[in-house]
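S.K.: Test case, fold it:
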Amino acid sequence: MTNEALLAAIAAGNRQAFDQLYRQMYPALVAQCLAILGQDLPLAEDAVDEAFVDIWRRANTFDGRGSASGWIRRIARNKAIDLLRKLPAGEALSDPGELVSWRDESPGPEDAALCADQDRHVLALLDCLSADHREVVVLHYYSNMRLGEIAEATGTAEGTVKSRLFHARKLLRERLERRGIGVAG
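M.R.: Next comes the predicted model:
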């Protein structure tokens, strides 16, 4: 069932459709919120849970303009931003020693070791990015979203997404090279 069809069923009160949407979208939404909330997993999960409460209550307001996924992601993004704003100034979001990996793939053992090492370095550097840059990196590389989908989910122009992604990659590449870690491309 498509997300649009699931939203229509949820609007009609179908709890099974809600459960299915939750299972389908939860991991990607947590990854998106983690990017905004500086890898604070409990806070990201809270944002996603609050988003799903709104989705249940407001499914009937989805008007079909744009994609259902973009509408859902925008709700989760707004919840994460709301939680971020509620934090006391200067409060650390997470312990940098406890990084969360969002990689969904299941590579073989050798590839897994290489990916884990590379992810460890990249994830450690994500904190040097602004929340906007971190968000587009996570959505593009860890949630495999296209630029247009990211633009829709974040409520920004596609050109802005391209620019943020370009600058984020440049900064990450520079930081990795300073650490003596070669990067391709």
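S.K.: Check the gap between Phe62 and Ala5 for me.
M.R.: Taking C-beta to C-beta, to the nearest Å as the measure, Phe62 falls 11 Å from Ala5. For every residue, glycine as well, the C-beta is placed using N, CA and C.
S.K.: Looking at those two, which is more packed in?
M.R.: Residue environment comparison for Phe62 versus Ala5 gives the larger neighbour count to Phe62, 20 against 13, counting by other C-beta atoms under 10 Å.
S.K.: now the more buried one: how far from Ile55?
M.R.: Distance check for Phe62 against Ile55: by C-beta to C-beta, it reads 9 Å.
S.K.: Can you check which residues contact both of the two?
M.R.: Contact with both Phe62 and Ile55 is made by residues Leu7, according to C-beta atoms under 8 Å, 6 or more residues apart in numbering.
S.K.: for the residue most central in space within the chain, what are its contacts?
M.R.: With distances taken as C-alpha atoms, centre = their mean, Gln32 lies nearest the centre of the chain, 1.2 Å away. Taking C-beta under 8 Å, 6+ apart as the criterion, Gln32 is in contact with 73, 76-77, 80, 135, 138-139, 143, 153.
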